[in-house]
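A.B. asks: Following is a predicted model, sequence given first.
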Amino acid sequence: MNKKKISIIIATYNAENTLKRCIDSIACQKSDEIELLVIDGDSKDKTVEILKSYGDIIDIFKSEPDKGLYDAWNKALRLATGEWIMFLGADDYLLPDAMSFYLNFLQAKENTDAIDLICAQCLFVDEKGKVLKIWGLPYQWERFVDRMEISHGSTLHNHKLFQEIGEFNIHFKISADYEFLLRKKMNAVFLERKILVMQVGGMSDSVKGAWETFRVKRYHHQTPLSKDFYYLIRSVGGYWKRRLWYWVKCKMN
């Protein structure tokens, strides 16, 4: 099998409502240097039917029961050939020319072997597609141990990184990506470019997500308990503030 420059990995489960938008945004940008892997968790809706309709656009497709998102990502990692790995949600979609931008950067950059992460930005939108904010800050270890500030979906991971520090810990169901990135101080590059669109409302933006992030930080003990607790309260408070704002907005409309 020929090795690719970038592997795009998507885990799906009952994603029929958003999946086509996601795959379409990739299909129009695919090239010989990009492969697409989709691991489905034995969906019960039309997800598998939609995926099969794309034929060779999807290079590797599996549908079987799994132990959640990160278990699916780990399965895909064992099959991926790309030098760089990108993880998308089934409700995310790429902005135009996102992949050519990454490929041009990789072609022009010398000695990318020394880079662990290439980070960029994403647009957060509401259910109607209205942009709420631009997300994704430069990776900086001193801030990163406090909170996840990079846009993970807009990040390329050096495939060698998984050989060095392992796969995702499936005991964490929401924040295993953050746990993975806390295992070492990364050598990261930041590109001020919007790569994809993410819709609000995922599990990471929830009280459960805030609690698991707290557990991840305690698992690594990079910062004091008092500081971790402060960010837990801040995250939970921020979540309920956003919920109240959405409720007021809906009532006004």
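C.D. replies: Arrived safely, thanks for sending.
A.B. asks: rest of the way, CA atoms for contacts and neighbours
C.D. replies: Noted.
A.B. asks: Check the secondary structure at residue 122 for me.
C.D. replies: Following DSSP: H, G, I helix; E, B strand; the rest coil, the label given to residue 122 is strand.
A.B. asks: doesn't residue 199 make contact with it?
C.D. replies: No: between residue 122 and residue 199 there is no contact under Cα atoms under 8 Å: 10.1 Å.
A.B. asks: Looking at the two, which is more packed in?
C.D. replies: residue 122 (26 against 19; other Cα atoms under 10 Å).
A.B. asks: That one and residue 197: what is the separation?
C.D. replies: Counting by Cα to Cα, to the nearest Å, the gap from residue 122 to residue 197 is 6 Å.
A.B. asks: Residue 141 too?
C.D. replies: Residue 141 is 25 Å from residue 197, by Cα to Cα.
A.B. asks: Equivalent analysis for residue 231, please.
C.D. replies: Residue 231 is 26 Å from residue 197, by Cα to Cα.
A.B. asks: go on, residue 30?
C.D. replies: According to Cα to Cα, residue 30 stands 18 Å off from residue 197.
A.B. asks: Can I get stretch 185-197 as CSV, trimmed to CA atoms?
C.D. replies: Extracted as CSV, the C-alpha positions of stretch 185-197 are listed here (Å, rounded to 0.1, in the frame of the first residue of the first chain):
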residue,chain,number,x,y,z
LYS,A,185,5.4,18.8,25.8
MET,A,186,4.8,19.0,22.1
ASN,A,187,6.8,20.7,19.4
ALA,A,188,3.9,22.5,17.6
VAL,A,189,3.5,24.9,14.7
PHE,A,190,0.5,27.3,14.5
LEU,A,191,-1.1,28.4,11.3
GLU,A,192,-3.6,31.3,11.5
ARG,A,193,-6.1,29.8,9.0
LYS,A,194,-9.7,28.6,9.4
ILE,A,195,-9.7,24.9,8.4
LEU,A,196,-13.1,23.6,9.3
VAL,A,197,-16.5,24.3,10.8
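A.B. asks: returning to that earlier point: who has more neighbours, residue 141 and residue 197?
C.D. replies: Comparing residue 141 with residue 197 by other Cα under 10 Å, the one with more neighbours is residue 197, at 23 against 16.
A.B. asks: what's the model's confidence in the helix or strand where the more buried one lies, averaged?
C.D. replies: With secondary structure defined by DSSP states H and E, residue 197 is part of strand 188-199. Mean pLDDT, computed over strand 188-199, is 96.
A.B. asks: Pairing partners for that strand, with directions?
C.D. replies: strand 93-94 (antiparallel), strand 117-125 (parallel) (DSSP bridges).
A.B. asks: And that strand, what's buried?
C.D. replies: Within strand 188-199, the residues scored as buried using 16 or more other Cα atoms under 10 Å are 188, 189, 190, 191, 194, 195, 196, 197, 198, 199.
A.B. asks: residue contacts, the fourth one?
C.D. replies: Under the criterion of Cα atoms under 8 Å, 6 or more residues apart in numbering, the contact list for residue 191 reads 118, 119, 120, 121.
A.B. asks: ok, residue 26 - contacts?
C.D. replies: 93, 94.
A.B. asks: Checking my notes, it in a helix, right?
C.D. replies: Yes: Residue 26 forms part of a helix when assessed by three-state DSSP.
A.B. asks: Please report how far it lies from residue 16.
C.D. replies: Distance, residue 26 to residue 16, using Cα to Cα: 16 Å.
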